[in-house]
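*Asks:* Need the 3D shape of this:
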Amino acid sequence: MTTYQHSAKGAANLRRPESWIHLVYLATPLFQPVFSGATRDWVLAIVTIGGFLPMWALSALYPARTRWLCAIPATVLGTLLTPFLAGASILFVYVAAAVGLAESRRTALRCFAGLTLLVVLLTPVTQTPMPWRLWALAPTVLFIWIIGVVQIGEACRRRESADLRLRHARAERLATLAERERIARDLHDLLGHTLTAVVIKAQLVRELVELDPARARTEADGIESTAREALSEVRAAITGWRQSSLDTELETASGTLSSMGVTLTVQREGDLTLMGPAEHELALALREVLTNVARHSGARTCHVAIGADSGELRLVVADDGRGGDVVEGNGLTGVRERITALGGQIRRSGTVGTSGTTVTIGVPLEVAT
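*Replies:* Predicted coordinates for the structure are as follows:
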């Protein structure tokens, strides 16, 4: 926290009425002159109160410097004045309160012990006659510990409250980052495949516009239909209503791959009923994998198999295109994150020099069904 922030916090503390209420104990040094009537006692009482008030105000303005602005100077002032004015020992109680708030528990307890010893050592040399001397100094020892321990507890509560606010702030920030990543994945999964299909069909239309105008018009109609579907999906995604399904993705992918001369075959177990959230994630994963087939594989056939095996739901996409190791982009990274969140995994086979690539997505059956 910066010096400015400490100062602003301290200024707020000074404006609180409860901060001023604690100063009522500074009336203690006035008891002796009230009863003795001695001018010297009045002067000492005024010096005690007037000397401590600036220390208290500065420690409130700069809490991080309490030790140097209040604790040590007030201890010195109390040590110098107590032998002549027993009521000045009240400053040691304020020191204990300040140290209890500002220092660690171990340091504060050591300070309380030191202040107690100091009061005991000052008792024989204090000029205030007995028994008034004991009536002034004994409560000081008692309140050093009572007020000090109370302030230690208050400091602990403040630290716990500050830690809780910090944890909440961190949790909100992490939630915001996670939501941003989710939105980025959703937008990529939502638009990546559709825009790829639009680009591919637009290229095909450009080639067919002179060779086969009728088919070019058909493909152009397909582009319009795909764009309208994408617009509807974007609107649904914004309102949180979008729910992808494997059947929809397979139907869309079939049209896109067919326009590129890729034959898509599907094998699916008929008795599998998938849970909505799991099917949504698997559908988006299938969309990304088939989009990569359309973009990069150069395949002529692509086979998709959906079934259960060894306690997991397996979604397998195999093509006969170019094999080879590839660097995962945002799409595959997002797919891996989605499947990992379901407790599943992605396996990819296909190396340089081989024909075809197989991507296997496995999700535990208890999650998927």
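
*Asks:* Which stretches in the stretch 51-200 of the chain count as helices?
*Replies:* With DSSP state H, counting those that start in this stretch as the definition, the stretch 51-200 of the chain shows helices at residue ranges 66, 72-81, 90-102, 105-122, 132-211.

*Asks:* Could I get the ones you listed in JSON lines, plus columns for distance to Gly276?
*Replies:* Bear in mind the C-beta positions are built from the backbone N, C-alpha and C, glycine included. JSON lines is the format used below for the helices of the stretch 51-200 of the chain (distance: least, CB to CB, whole Å):
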{"stretch": "helix 66", "distance to Gly276": "58"}
{"stretch": "helix 72-81", "distance to Gly276": "67"}
{"stretch": "helix 90-102", "distance to Gly276": "54"}
{"stretch": "helix 105-122", "distance to Gly276": "53"}
{"stretch": "helix 132-211", "distance to Gly276": "16"}
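
*Asks:* Let me know which of the ones you listed is tucked in deepest.
*Replies:* For the helices of the stretch 51-200 of the chain, average neighbour numbers computed from mean count of other CB atoms under 10 Å are highest in helix 90-102, which has a mean of 25.

*Asks:* contact partners of that helix?
*Replies:* With CB atoms under 8 Å, 6 or more residues apart in numbering as the test, helix 90-102 has contacts from 22, 25-26, 28-29, 48, 52, 56, 59, 63-64, 66-67, 70-71, 74-75, 77-78, 81, 107-108, 111-112, 115, 118-119, 140, 143-145, 147-152, 154-155, 158.

*Asks:* Equivalent analysis for stretch 209-218, please.
*Replies:* Outside stretch 209-218, the residues within contact range by CB under 8 Å, 6+ apart are Val205, Leu208.

*Asks:* which stretch of helix or strand covers the residue lying closest to Ala202 once chain neighbours are set aside?
*Replies:* Nearest residue to Ala202 in three dimensions, chain neighbours excluded: Ile223, at 6.1 Å (CB to CB, 6 or more residues apart in numbering). Secondary-structure element containing Ile223, defined by DSSP states H and E: helix 213-238.

*Asks:* got it, and Ile361?
*Replies:* Using DSSP H and E, Ile361 sits within strand 355-364.

*Asks:* buried set for that strand?
*Replies:* Going by neighbour count (16 or more other CB atoms under 10 Å), the buried part of strand 355-364 is Gly356, Thr357, Val359, Ile361, Gly362, Val363.

*Asks:* Thought His303 was touching Thr357, still the case?
*Replies:* No. Between Thr357 and His303 no contact is recorded; they are 11.5 Å apart, counting by CB atoms under 8 Å.

*Asks:* list residues touching both of those two?
*Replies:* Between them, Thr357 and His303 share the neighbouring residues Ala318, Asp319, with contact defined by CB under 8 Å, 6+ apart.

*Asks:* if I look at the most centrally placed residue in the chain, how far off is Leu257?
*Replies:* Note on the chain: the residue nearest the mean C-alpha position is Arg170, at 2.0 Å, using CA atoms, centre = their mean. Plainly put, Arg170 is 45 Å away from Leu257 if you go by CB to CB, to the nearest Å.

*Asks:* cool, Glu251 as well?
*Replies:* When distances are taken as CB to CB, Glu251 and Leu257 turn out to be 11 Å apart.

*Asks:* Name the residue in these two with the higher neighbour count.
*Replies:* Shown here are Glu251 and Leu257; by other CB atoms under 10 Å, Leu257 has more neighbours (21 against 12).

*Asks:* what about that one, helix or strand, and which?
*Replies:* In this assignment (DSSP H and E), Leu257 forms part of helix 246-259.

*Asks:* Now do the contacts for Leu365.
*Replies:* Contacts were defined as CB under 8 Å, 6+ apart; by that measure Leu365 touches Ala308, Gly311, Glu312, Leu313.

*Asks:* bridging residues for the last one?
*Replies:* It stands for Leu313. In this structure, Leu313 has the following beta-bridge partners (DSSP bridges): Ala308, Val363.

*Asks:* picking up where we left off before, which residue in the buried residues of strand 355-364 has the weakest pLDDT?
*Replies:* Among the buried residues of strand 355-364, Gly356 has the lowest pLDDT, at 82.

*Asks:* coming back round to it: list the contacts of the residue nearest to Ala202.
*Replies:* Each residue near Ile223 by CB under 8 Å, 6+ apart is listed here: Val198, Lys201, Ala202, Val205.
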